[in-house]
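Undergrad: sequence isn't available, so here's the structure alone:
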Ligand code: SF4
């Protein structure tokens, strides 16, 4: 009988080429690999379609699709990409192949095993997400200077919570800190007030509009 294969496999919701929509990389052509599954349930989650389903694909298959799409920037997202063991060999293989690699993570999975060549965009969950208790503060130890922190804010209370968190952990002294107003489809009713709060803050914050939402709304694959 043949031995069972230990080759990495991934459960993938979608792979597509679009524009990077948030972070300091916003506007750049980017290939997205959206891995399936997430243990959290943020109330404003815009990728609930990635909670389940997906298709099982080999590492080689995913790498070939990324190569076919051709963008030099690749983002691994979800769902929560770090919940899949196959994330780690995939990230390393993409880096070995010369891609600039980003990972978007909800911040509840330890970051200590992420390849140091990967740029981490790490959520800190504000109270309005309903997931504040899942923030893993140990992860702050694993942030490198190129890594970015993102707070999705639903209201003024979230913004003040984020500001206080940034100040307490001096996050704006070593990282890009993104303040991302919640979107509802192509609209963000709170974007204008959040822009003014960021403008007037004593912390070094960056307004983070999700440009893919402005362009295309909540369409999967965009
Ligand atoms: S961590 Fe991300 S994918 Fe998971 S529920 Fe929150 S927003 Fe959705």
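TA: Now that the structure is in, tell me what you want to look at. In this text the structure is predicted, and so the values were computed from the model without any measurement. Residues are numbered from 1 along each chain as shown.

Undergrad: strand partners of the helix or strand containing residue 104, parallel vs antiparallel please.
TA: Assigned by DSSP states H and E, residue 104 belongs to strand 100-105. Sheet pairing of strand 100-105 (DSSP bridges) gives strand 73-77 (parallel), strand 119-123 (parallel).

Undergrad: hey, which helix or strand in this protein has the poorest pLDDT?
TA: The helix or strand with the lowest mean pLDDT-type score in the chain, counting by mean pLDDT, DSSP states H and E, is helix 211-216 (a mean of 86).

Undergrad: ranges for the helices of this protein?
TA: Taking DSSP state H as the criterion, the chain carries its helices at 59-69, 87-96, 156-168, 191-200, 211-216.

Undergrad: check whether the strand holding residue 104 comes near the ligand.
TA: No. Using CB under 6 Å from any ligand atom, strand 100-105 stays clear of the ligand, with a minimum separation of 7.8 Å. Placement of C-beta: from N, CA and C, glycine included.

Undergrad: average model confidence for that strand?
TA: Over the span of strand 100-105, the pLDDT mean works out to 98.

Undergrad: mind listing residues that contact that strand?
TA: Residues from elsewhere that reach strand 100-105 (CB atoms under 8 Å, 6 or more residues apart in numbering): 20, 23, 25, 30, 72-78, 80-82, 87, 91, 94-95, 111, 114-115, 117-123.

Undergrad: among the residues you listed, which ones are buried?
TA: 20, 23, 25, 30, 73-78, 80-82, 87, 91, 94-95, 111, 114-115, 118-123 (16 or more other CB atoms under 10 Å).

Undergrad: and the pLDDT at the closest residue to residue 165 other than its chain neighbours?
TA: In space, and not counting its chain neighbours, residue 165 is closest to residue 124: 6.1 Å by CB to CB, 6 or more residues apart in numbering. On pLDDT, residue 124 comes in at 98.

Undergrad: all numbers from here: first residue = 6
TA: Taking 6 as the first residue, the last one we looked at is residue 129.

Undergrad: what's the end-to-end length of stretch 174-187?
TA: Stretch 174-187 has its terminal residues 23 Å apart, counting by CA to CA, to the nearest Å.

Undergrad: done for today, thanks.
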